[in-house]
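[1] no sequence on this one, just coordinates:
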């Protein structure tokens, strides 16, 4: 469409929403504003524009390796020794961290038995990779959709209390006034919808070894495969 787009990577939700509210960030394309990031929307929402929901089955999870002999978050109780008393989390300011700390741990009576270790998504994935390579038990905070669920032998723990929240939508958020200034882009973004297969295929290509550091080529390949199946890809 003729826009010049500069991509930046920010892993903390707080700076992302602050940037959107101030106009330092134009678009945040992977937002969870309904539940996970609700506190940020409550704070900054009047300065943010929602361009539309493109996926409606996102969820927060607690996960362990497939070989670990528990299947429910409830089973973590009394089994802290299996995991060194630690749940490996991501960034301290993440909505996933807040949900785990404020809801999952108390609702399953795990406070005092487990420590939620926070640092970064990259650090969590490093620990997950190390543990699974050694066939060791580990419990981590994860989410779906996310490529790590397919890259590592992990399974979601059942959540009978619903402490990790209900499935929610992924949205494109923009700084307030974006659609007035960039109406063609905003109108097109609003049409984007992805089902499980389409999202999985796109993420699989972007994160594959074949397209490492070549995400634009991965997107082109995905468009080539799906263009005749998706209305909003038609030109």
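    Nice, I can see it. Fair warning: this is a prediction, and the values are worked out from it, not measured in the lab.
[2] now the longest strand belonging to the chain: mean pLDDT?
    For the chain, the strand that runs over the most residues, judged by DSSP state E, is strand 48-65. Mean pLDDT, computed over strand 48-65, is 96.
[3] Equivalent analysis for stretch 25-34, please.
    For stretch 25-34, the mean pLDDT works out to 95.
[4] all helices for this structure, in order.
    For the chain, the helices defined by DSSP state H occupy 13-22, 38-44, 95-99, 105-107, 121-133, 148-151, 178-181, 183-191, 196-206, 215-226.
[5] list the buried ones in the fourth one?
    By neighbour count, with 16 or more other CB atoms under 10 Å as the criterion, the buried positions of helix 105-107 are 105, 107. No exception for glycine: its C-beta is placed from N, CA and C like everyone else's.
[6] Looking at that helix now, give me its mean pLDDT.
    Mean per-residue pLDDT for helix 105-107: 98.
[7] gap between it and the chain center?
    Between the centre of helix 105-107 and the centre of its chain there are 22 Å (CA atoms, centre = their mean, to the nearest Å).
[8] Same question for stretch 67-83.
    Averaging C-alpha positions (CA atoms, centre = their mean) puts stretch 67-83 24 Å from its chain's average.
[9] Stretch 221-235 now?
    Put simply, stretch 221-235 sits 24 Å off its chain's centre (CA atoms, centre = their mean).
[10] Number the residues from 30 up from this point.
    All set: I'll call the first residue 30, so the last point we hit is now stretch 250-264.
[11] what about residue 30, how many residues close to it?
    7 (other CB atoms under 10 Å).
[12] Model confidence score at residue 264, please.
    56.
[13] Would you point out which residue is most central in this protein?
    The chain has residue 172 as the residue nearest its centroid, 5.5 Å off, counting by CA atoms, centre = their mean.
[14] which non-adjacent residue is nearest that one?
    residue 89 (5.1 Å; CB to CB, 6 or more residues apart in numbering).
[15] Was I right to think the one you found contacts residue 170?
    Yes. Counting by CB atoms under 8 Å, residue 89 touches residue 170, with 7.5 Å between them.
[16] Look at the two and report which has more neighbours.
    Shown here are residue 89 and residue 170; by other CB under 10 Å, residue 89 has more neighbours (28 against 25).
[17] which residues sit in contact with the more buried one?
    65, 124, 125, 128, 129, 170, 171, 172, 193, 194 (CB atoms under 8 Å, 6 or more residues apart in numbering).
[18] Mind listing what's buried along stretch 50-70?
    The neighbour-count check on stretch 50-70 (16+ other CB under 10 Å) flags 50, 54-57, 60-67, 69-70 as buried.
[19] Next, give me the two most distant ones among these.
    Farthest-apart pair in the buried residues of stretch 50-70 is 55 and 64; separation 24.1 Å (CB to CB).
[20] Any idea how many residues pack against residue 119?
    Using other CB under 10 Å, residue 119 has 25 neighbouring residues.
[21] Residue 253 now?
    By the criterion of other CB under 10 Å, residue 253 has 9 neighbours.
[22] roughly how far apart are it and residue 36?
    Distance from residue 253 to residue 36, counting by CB to CB, to the nearest Å: 21 Å.
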